[in-house]
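S.K.: sequence and predicted structure, then a few things I'm wondering about:
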Amino acid sequence: MTAVPTVRREALHFALRNRKLVVGTVIVAVFLVAGLAGPLLFDHGPNDYVGPPMASPSGEFWFGTTTFGQDVFAQFVYGLRSTFLVGVLGGVLAAVVGMVVGFVAGYRGGWVDELLTMLTNIVLVLPALVVLLIINAYLGVRSIGVQALFIGLTSWPWAARAIRAQTFSLRSREFVDLARLSGVRTPKIILREIAPNMSSYLFLTFILLFGSAILIAASLDFIGLGPTEGVSLGLMLNNAARWSALQLGLWWWFIPPGAGITAIVGALYVMNVGLDEVFNPKLREM
Amino acid sequence: MRNRTRFLIPVLAAGLLSAACSGGGGSSTPTGPAGGGAGGGAAAPAGGSGAFPRNETLYTSGTQWGPPANWNPLREWDFATGTKGLVYETLFMYDPNTDKFTPWLAESGDWTGELEYTLKLRKGITWADGKPFTADDVIFTFELGKMETVPYHPLWDWMKSAEKVDDYTVKFTFTTANYQEWANHLYSRAIVPKHLWEGRSEDEVMNGVNEKPVGTGPYAYQSHDQDRMVWVKRDGWWATKALNKDVKPKYIVDIVNSSNEVAMGLLLQKGLDLSNNFLPGIANLVKGNFGIETYYDQPPYMLSANTTWMWFNTAKKPMDDKEFRKAVAYAIDTKKIVEGVYGNLVKASDPSGLLPQWDKYVDKNVTSTLGFSYNPDKAKQLLADAGYKDRNGDGLVESPSGGKISLKLIVPAGWTDWMEAARVISSSAKAAGIDIEADFPDYNALVDVRNQGKFDLVLNNDKQLANTPWLYYDYLFRLPVQKLQSTTNYGRYENKRAWELTQQLDQVKPEDVEGMKKVTSELQKIQLEDMPVVPLWYNGLWSQTTNSVWKNWPSSAPNTPKYPPTVWRNWLEMGGTLMLTELQPASGG
Amino acid sequence: MRRYFGRKLLIYGLTFFVAVTINWMIPRFMPGDPVQSMLSRANVAQPAAVEAMRAHYTAMFGFDLPLWQQYLNFWGSLLKGDLGISIWLFPTPVSDVIIRAVPYTLGLLIPSILLSWFAGNRFGAFAARRKWLDNSVLPVGYVLTATPYMWLAILLAWALGILAGVFPVAGAYGFDMQPSLSWDFLGSLAQHWFLPFASLFLVAFGGWAIGMRNMIIYELEADYVNYLRALGAPMRLVRRYAFRNAILPQVTGLALQLGVLVAGALVTEIVFSYPGLGHLILQAIQNQDFFLLQGTFLFIVIGVLIANFIIDIAYVLVDPRTRTGMGGAA
């Protein structure tokens, strides 16, 4: 246990020198800050008609305006908020479910494992987006929270499988045996002994879930099953497509939301690989 | 592994081909050479290599939102584009722009008695299978309405009989002479051949697919697939000889819409000659040099097709108070909807809500004294006078008894233009102190609450332009209010006098414009004094045309046809078919 | 071996049962009455007529029965292959509608999944530990795999379809074509197929390439590789071993990704108005046609189950360890 601080310091050292991690983190951070602080710049809502319709990008409207004269930049920063929110909520929920199922199945083994594995496989095989489509289609009023909830509830299985496999290998280590012999209860063993030992792995899993939640949400929004109120990058895409933005030459309406999603998710994936290299010394670039 | 990828390609091609064939398979043309053998795809047009020559083909879209599924002219809401109009025809044509009836399958028709209408049929018309068209077919068609599930069944509530006088004369007798409604039936009912339809059960009549439709019209079924419906011109259409009218395109390919932006893409690629889709922003392309034209070359660009109304649920507080309703009417910034949301593709409605084509039925004295317009100050004044005051200082009024007012305006989710419009309404109402929130439930849920009367405010445009404003007043005032209000009077507005007047209007002869005006003037007075609904804007008869292959499209320009340029369901008999007879190939021959 | 497949089949059976039940349940417990919506579109004037029609269609679709009976009937007719009648495309049977759409979806999905998988793995393996490729091309992979399908699809349609005019933007074959076995027709089919295929292929390709690249790097650091290299084995041989080991997780990955890929195809079809299942699903949703929605969903579930099963078999074939009777594929 005394080794932990040095490992951390070493990790930090490599983290700062890992280009992938730094680039990825910076991109995500920039968008996050834009999403958090950006809306404060405006005294109007994202859907208000504030400018001339179809204006191209200018000093006043950085990303131009929509057919209706809405400020695309305002929509973009507000949209970033919802997009991050869906990603975080959906990602956290999926990670939590995945961890609970994975830890319990992996640690307990036996019939609990059998049952949970079966459940995992069932949810895994169901095409998640199609299930989401159906659920969303019949949902009267849709909100970001509900969207995140359903994304979380359908995208955990692969995480659960991976975590189960890891737990399996940790279960028979000495320090776990030691804890068990000294009478520590199962949840505590999982929380105190097993989870910290694979924390880096868990974090990587979360990043991937975060990214995929954003993409799934964007697809739902695009099909018209997004939140019925507010803005998100996916809804912006949907609106831009519905109002033929590209055909009418309003590229500034269509490009930013898609580029934003691509940048965030891409940066998350790059971060993921960078982190992997930091945690796993063998992978570091030579 | 590399080998495997290579062998995939032929497999893939075969898969796609079988898809395409199964789409066209099983179909054969009623007129052309006998349909190809099993699964061999549709019969190729004579002399062609399986393709439609561009200069003989008209490409349309905007009606069909799913694969063509039936050719049953009684299913007026989902038959394949053109089933009525291109194949089955009506007794009269009606042109809403000039308010004229043109005898079509009928030669003439007159009220020969108080309760008796005599119809003379045109001689020499034959069905596509060669059998003559006679009085029996007309009588048979109307008598189908005796079946309960046929949409025009209620006609038999006031029609007594349809009798054959001779092969080309039919006498209809009535218990009540609803002249206006009857005139509507005359051009709306597609006549079907008795010799083929006789003996079909009620289920077959209403729910039958009716493959290979046999009609009297200028086109016949050619083929269809998931994403298209193809009609081929039929030799020997009666109107060519009788009226010297001929449809020019040999093929009509109606493309199934998936979305409006795809339609716009096709139009820009000149893959469409006529798009009846709502294409937001089309005004920019009309003004720019893209070869796309609309009926008018300036706002509103389109003819008007229907009115969007905002219904108040008058059974609920505070919408039961006409002063409150009036205040809302004054608070709505319709101009912002017309300009901001639609980019001037629509027109703000007259206070009466009657379409521009019905302008002659509007009593200008009534609308100028009682009519409303956007005026937030007036709205506030009306609210204050009626006791609606802002007691808690949130900028929004409370009811006279002090209760909080918080209303929801519902619009189906996904109807993006209406959603935008609802947002505008919400913000302009709030500016006047009325708390209206836009809410976007799913379409099904919306229909549910609307029909059960569990809503506050709802937008609706179900009623289309037709021969008589009676249809609009029936929509507004019909009584009695039932448990489910599924097509009319969503607001559950009960006004006996208005309903009496509506029934009276039905019994005025269509020629008697003055007589109609007298009734409509009174109805307008009631409507504007009580404000059970707020007419907002006229939706366009969305229509975009290109001149690359076909020209002489209807437009407001001089020396062009003035028919409604559309292939929408139930619009072909309002001029769509006649438009086809006026088209000319763009390249000389 | 038998136990392995037996267990797999049990899971697939259970999944199917769950899917069918969810599928049946959702529309019936959500607000709204599909018959009423259909009739309000029918635009019939007289309330009396609407009432008669409503009663007629409600009875016809069986909505007036008790729920448990509807559920049993659902299974009964499902086992007979009867998926009901589409409300939206009335009166076409749902199975007809689906069968017409399926070849288009498969024609898009199978090549794009397989080609992107093969090409992506090849490319990823090739790029791994080759510095200039790793640094120049892989970022492109990240961008591709993070791109929302529909965004890429619309951009492609706009650039290559409308601006360049090279490719059509809608439909499965030219609107001036009749299905026939001619080169014109096949060419038209391929031309319409290309853009949707390309957008699916590109996004998936990025994902596989990155996955493979990372796997290979793991493998190249494994002990057996160091051992081989110490023995002086040629790099080509080492790479081949690494590839064989790295491909296994990629096979599993294919199974995991299947749902996502199917979803991507659905969205892409919508953009290109390609008449496959995705297009149907969207329309079924917009038209509240829950028979069609259920049918399409079931079909997709069955398809994914079959694909999973094929992947299981492939896994056994590729992985020597499972061949000797090991338990799980996880």
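M.R.: Sure thing, it's come through. Numbering: from 1, shown residues only, chains lettered A, B, ... in the order given.

S.K.: for chain A, what are the nearby residues on the stretch 351-500 of chain B?
M.R.: Applying C-beta under 8 Å from any C-beta of the partner chain, one finds that the stretch 351-500 of chain B approaches chain A through B:413-414, B:416, B:420, B:423-424, B:427, B:439-442, B:445. No exception for glycine: its C-beta is placed from N, CA and C like everyone else's.

S.K.: tabulate those residues in JSON lines, adding columns for secondary structure.
M.R.: Below are those laid out as JSON lines (DSSP: H, G, I helix; E, B strand; the rest coil):
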{"residue": "B:Ala413", "secondary structure": "coil"}
{"residue": "B:Gly414", "secondary structure": "coil"}
{"residue": "B:Thr416", "secondary structure": "helix"}
{"residue": "B:Glu420", "secondary structure": "helix"}
{"residue": "B:Arg423", "secondary structure": "helix"}
{"residue": "B:Val424", "secondary structure": "helix"}
{"residue": "B:Ser427", "secondary structure": "helix"}
{"residue": "B:Asp439", "secondary structure": "strand"}
{"residue": "B:Phe440", "secondary structure": "coil"}
{"residue": "B:Pro441", "secondary structure": "coil"}
{"residue": "B:Asp442", "secondary structure": "coil"}
{"residue": "B:Ala445", "secondary structure": "helix"}
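
S.K.: which one of those is nearest chain C?
M.R.: Using C-beta to the nearest C-beta, B:Ala445 comes nearest to chain C of those, at 4.5 Å.

S.K.: now residue 248. Nearest residue, chain neighbours left out?
M.R.: Chain wasn't specified; assuming chain A. Of all residues beyond its chain neighbours, the one nearest A:Leu248 is B:Gly281 (4.4 Å), with distances taken as C-beta to C-beta, 6 or more residues apart in numbering or on different chains.

S.K.: sorry, should have said chain C
M.R.: Closest to C:Leu248 by C-beta to C-beta, 6+ apart is C:Asp319, at 5.5 Å.

S.K.: confirm for me that that neighbour is in contact with C:Pro249.
M.R.: No. Taking contacts as C-beta atoms under 8 Å, C:Asp319 lies outside contact range of C:Pro249: 10.4 Å.

S.K.: nearest to chain C: which residue in the stretch 401-550 of chain B?
M.R.: Nearest residue of the stretch 401-550 of chain B to chain C (C-beta to the nearest C-beta) works out as B:Asn444 at 2.6 Å.

S.K.: which element is the most centrally placed residue in chain A on?
M.R.: Closest to where the C-alpha atoms of chain A average out (C-alpha atoms, centre = their mean) is A:Phe210, at 1.3 Å. Here A:Phe210, judged by DSSP states H and E, is contained in helix A:199-220.

S.K.: check contacts around A:Gly38.
M.R.: Listed by C-beta atoms under 8 Å, 6 or more residues apart in numbering or on different chains, the contact set of A:Gly38 reads A:73-74, A:76-78, A:80.

S.K.: mind putting those into TSV with pLDDT, neighbour count and distance to chain C?
M.R.: Formatted as TSV, the contacts of A:Gly38 follow (pLDDT from 0 to 100; neighbours: other C-beta atoms under 10 Å in any protein chain shown; distance: C-beta to the nearest C-beta, whole Å):
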residue	pLDDT	neighbour count	distance to chain C
A:Phe73	92	22	18
A:Ala74	92	25	20
A:Phe76	93	25	14
A:Val77	93	25	19
A:Tyr78	93	23	18
A:Leu80	94	25	15
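
S.K.: and which of the residues you listed is nearest to B:Lys518?
M.R.: Using C-beta to C-beta, A:Ala74 comes nearest to B:Lys518 of the contacts of A:Gly38, at 54.0 Å.

S.K.: how much space separates the closest one from A:Met54?
M.R.: Using C-beta to C-beta, to the nearest Å, A:Ala74 is found at 16 Å from A:Met54.

S.K.: how far off centre is the helix holding A:Phe210?
M.R.: Relative to its chain's centre, helix A:199-220 lies at 3 Å (C-alpha atoms, centre = their mean, to the nearest Å).

S.K.: which residue packs closest to B:Lys250, ignoring adjacent ones?
M.R.: Take B:Lys250 and drop its neighbours on the chain: the residue closest to it by C-beta to C-beta, 6+ apart is B:Glu56, 4.0 Å away.

S.K.: pLDDT at the one you found, what is it?
M.R.: At B:Glu56, the model reports a pLDDT of 91.

S.K.: what do you get for the one 3 residues further on?
M.R.: Per-residue pLDDT puts B:Tyr59 at 94.

S.K.: where do the strands sit along the chain?
M.R.: In the absence of a named chain, this looks at chain A. Under the criterion DSSP state E, chain A carries no strands.

S.K.: circling back: does chain C have contacts with the helix holding A:Phe210?
M.R.: Yes. Remark: helix A:199-220 sits within contact range of chain C at A:211-212, A:215-216, A:218-219, by C-beta under 8 Å from any C-beta.

S.K.: do stretch B:470-489 as well
M.R.: Yes. Residues of stretch B:470-489 contacting chain C under C-beta under 8 Å from any C-beta: B:471, B:474, B:478, B:482, B:484-488.

S.K.: okay, and which of those map to helices?
M.R.: Here DSSP state H is the test, and the residues of stretch B:470-489 next to chain C give B:471, B:474 as lying in helices.

S.K.: and the two most separated of the residues of stretch B:470-489 next to chain C?
M.R.: B:Leu471 and B:Leu484 (20.3 Å).

S.K.: what about these two, which has more around it?
M.R.: For B:Leu471 and B:Leu484, the more surrounded residue by other C-beta atoms under 10 Å in any protein chain shown is B:Leu471, and the numbers stand at 20 against 17.

S.K.: next, count neighbours for residue 162.
M.R.: With no chain named, the answer covers chain A. Count around A:Ala162 with other C-beta under 10 Å applied: 20.

S.K.: wait, I meant chain B there
M.R.: Residues near B:Ala162, counting by other C-beta under 10 Å, number 21.

S.K.: still on that earlier bit, what's the closest of the residues of helix A:199-220 next to chain C to chain B?
M.R.: A:Ser219 (15.4 Å).
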